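**Student:** Structure here, sequence nowhere to be found:
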DNA sequence: CGAATCCCGACCGCTGCGGTAAGGTAAGAG
DNA sequence: CTCTTACCTTACCGCAGCGGTCGGGATTCG
C-alpha cells in the first residue's frame, strides 16, 4: 500500500507547475530542479500527464510545459489516477470495473473493508486541489526577495 | 497502492478463524480450504500472526490455530500492520517515525495530502473488527443444513 | 542553419511478491 | 515408546514492475 514514485514525483511536478502558473511554458529542466526529480525520468512522467490533458506542452526553443487549467481546478485524484491507475486497494474493488469482479467463495466478508477503504481514499484525493496544496504549504520555497 | 496478497490472504484466514471461534484449534489444512489460500503459503503467513499474538497455535495431533481473542476485539488494522507493515502511503508519513522524516525541499506541499490519506486509511482499518466483517458478510458460506 | 526543447521507444538492474520444497520439532494416540 | 499429526523454520526461485538511463527523432525560435 505504498504510492510509487510515479505518483509522488508526478504530484510534485504538478505542484511546481501550479506555483508557476500563468508565466507561460516552463522547460523540463526548471521543473525537474524545482521538484527535485531526475530530468530524464520526469520526461517520462510528463507524457501521460500531457495525454490526459492535465498539462499542455510547447515544442521548440522557449518551449516547455504548463498546467492546462488553473490550480483550483486540478484535483489531486486526477493526477493520482493518471500516474498510478484506477484507485483500488484491491482488484475486486476497482473504480472502473463492475461490482461483480469478485468470484470468491466465503461470501467475501473481507470485501466490505476494502470497499470502505477505497471510498475513503477517493474522498481524500478528490477533495484536494493543487491550489489547496500550495496555499497550505508550510513554506512556499523560502526564496530571498530581490 | 495495492494491498498485497499477504494482507488479503491474512485477513481472509483471520475471518475464517473468526467464524470458527470457540471450537478449539483448527488445522492449517482446514483454514486453507475455507479461506482459499494455498496451504504452503498460508503456513508462512501464520508465522507473523502468531508472533504478533493474534493467534495461538497448538502443536501435535489435533493441533492447529485459533484466535487469541474474540473476534470483536481484533481490529482489521492490527492484522493489516502485521502483514503489510506500518500504515503509510508514503515513507515520509510513516506511523512509527517522527514527524521530520521529510528532508525535502519545496516545503513539502505534497505531504499535506499524504498525511490526510494516511489518517483516513488508519481510521477505516482501525474502526473495523473481525466481528463486524462476519456480521455484515452477504452470505456466511451458503452451507446446506444437514 | 543550429540551438533549444519536447517526443518516444528501447533497455536494464534490482527488489519484493507469490509461491514451492524440504526437513526439523513438539505433542498426542495407542 | 513409537508413530503420526501438525506446526515450525529456512532456503530457494521465477517473475513482474519499479525506477531509472540512453539515444535518437521531430519541432520551433532566432
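**Tutor:** In hand now; what should we look at? What you see is a predicted model, and the numbers here were worked out from it, not measured in a lab. Residues are numbered from 1 along each chain as shown, chains lettered A, B, ... in the order given.

**Student:** Close to DNA strand C: what parts of chain A are there?
**Tutor:** Taking CB under 7 Å from any atom of the strand as the criterion, the neighbours of DNA strand C within chain A are A:25-29, A:43-44, A:46-47, A:50, A:57-65. For glycine as for every other residue, the C-beta is placed from the backbone atoms N, C-alpha and C.

**Student:** hmm, try it at 6 Å
**Tutor:** Counting by CB under 6 Å from any atom of the strand, chain A comes close to DNA strand C at A:27-28, A:43, A:46-47, A:50, A:57, A:59-65.

**Student:** In helices, which of those fall?
**Tutor:** A:28, A:43, A:46, A:47, A:50 (DSSP state H).

**Student:** about what we covered before: now tabulate the residues of chain A next to DNA strand C in TSV and tack on pLDDT.
**Tutor:** Below are the residues of chain A next to DNA strand C laid out as TSV (pLDDT from 0 to 100):
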residue	pLDDT
A:27	97
A:28	97
A:43	97
A:46	98
A:47	97
A:50	97
A:57	97
A:59	96
A:60	96
A:61	95
A:62	96
A:63	97
A:64	97
A:65	98
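
**Student:** low-scoring pLDDT stretches of chain A, where are they?
**Tutor:** A:97-107, A:138-146 (pLDDT under 70).

**Student:** mind running it again at 50?
**Tutor:** In the predicted model of chain A, residues A:106, A:140-146 satisfy pLDDT under 50.

**Student:** What segments of it are helices?
**Tutor:** Defined through DSSP H, the helices belonging to chain A, from first to last, are A:5-19, A:28-35, A:39-51, A:76-84, A:111-126, A:130-136.

**Student:** Now for residue A:95: which residues touch it?
**Tutor:** Applying CB atoms under 8 Å, 6 or more residues apart in numbering or on different chains, one finds that residue A:95 lies in contact with A:86, A:87, A:88, A:118, A:122.

**Student:** Backbone dihedrals for it, please?
**Tutor:** Its backbone dihedrals place residue A:95 at phi -70, psi -40, with angles given as degrees, to the nearest 10.
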